[in-house]
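Colleague: just need the structure, nothing else, for what follows:
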Amino acid sequence: MSRPLISVTMDGKRVDTELKNAAKVMQTNADEWFQTFCVLLFNEMSTGGRYSKGTPVDTGYARANWSAGIGGASTATVTAAEQTTVSARAQQDLLRARVGDIVEFRNNAHYIGYLEYGTSRMAPRGFIRAAIAAAPQLAQRAVRVVSARMTQRQAGA
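Modeller: Numbering: from 1, shown residues only. Next comes the predicted model:
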């Protein structure tokens, strides 16, 4: 029996026109915008937010097994007790991303596909698809977050 695997790969080179325009507005902050966007999307899929309920939690194993990385994400599985450390590490990795990098989000729980798409006995949750569908809104939110940081930095200078 093959294991249902979900791996989401984002190609920073293929940012749509609206996002490219936003990056031009913040020319010196394009990398910061991309990092913020990646962290927002990661959080939306893993713990949930405005657009997705996040990974369902029973034992915490599926939520703990999210990873992210530049050029590829970890394929190791972890326990629910390690979730905080793994999530923090993934977010730190995302904060090194640059526009043009390939960023991968991965969940290594063997049953993640069943949670997302459902089975004959379980309704689909659709939390990953909801997060991905919200990418344009998350990108706009990243622009607002970075713009606010820029304003704070200018006020402090």
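
Colleague: centre-most residue in the protein?
Modeller: residue 42 (1.9 Å; Cα atoms, centre = their mean).

Colleague: which ones are touching the nearest residue to that one once chain neighbours are set aside?
Modeller: Nearest residue to residue 42, sequence neighbours excluded (Cβ to Cβ, 6 or more residues apart in numbering): residue 68, at 5.2 Å. All C-beta spots, glycine's among them, are computed from the backbone N, C-alpha and C. Listed by Cβ atoms under 8 Å, 6 or more residues apart in numbering, the contact set of residue 68 reads 38, 42, 90-91, 93-94, 103-106.

Colleague: now do the SS call for residue 68.
Modeller: The three-state assignment at residue 68 reads strand, by DSSP: H, G, I helix; E, B strand; the rest coil.

Colleague: and it, how far is that from residue 30?
Modeller: Residue 68 sits 19 Å away from residue 30, going by Cβ to Cβ, to the nearest Å.

Colleague: ok, back up a step: any idea what the residue nearest to residue 42 is bridged to?
Modeller: residue 105 (DSSP bridges).

Colleague: state the pLDDT value of it.
Modeller: Looking at residue 68, its pLDDT is 91.

Colleague: what are the boundaries of the strands in this protein?
Modeller: 6-11, 66-70, 102-107 (DSSP state E).

Colleague: quick one, the shortest one and strand 102-107 angle?
Modeller: Here the directions of strand 66-70 and strand 102-107 differ by 170 degrees (axes from the mean of the first three to the mean of the last three Cα atoms, to 10 degrees).

Colleague: mind showing which ranges of the protein have poor pLDDT?
Modeller: By pLDDT under 70, the weakly predicted segments of the chain are 1-26, 83, 157.

Colleague: so where's the longest helix in it?
Modeller: helix 135-156 (DSSP state H).

Colleague: quick check: buried residues in that helix?
Modeller: Within helix 135-156, the residues that count as buried by 16 or more other Cβ atoms under 10 Å are 135, 138-139, 141-143, 145-146.

Colleague: output the contacting helices and strands for it.
Modeller: In this structure, helix 135-156 packs against helix 17-25, helix 30-46, with contacts taken as 3 or more Cβ pairs under 8 Å, 6 or more residues apart in numbering; DSSP states H and E.
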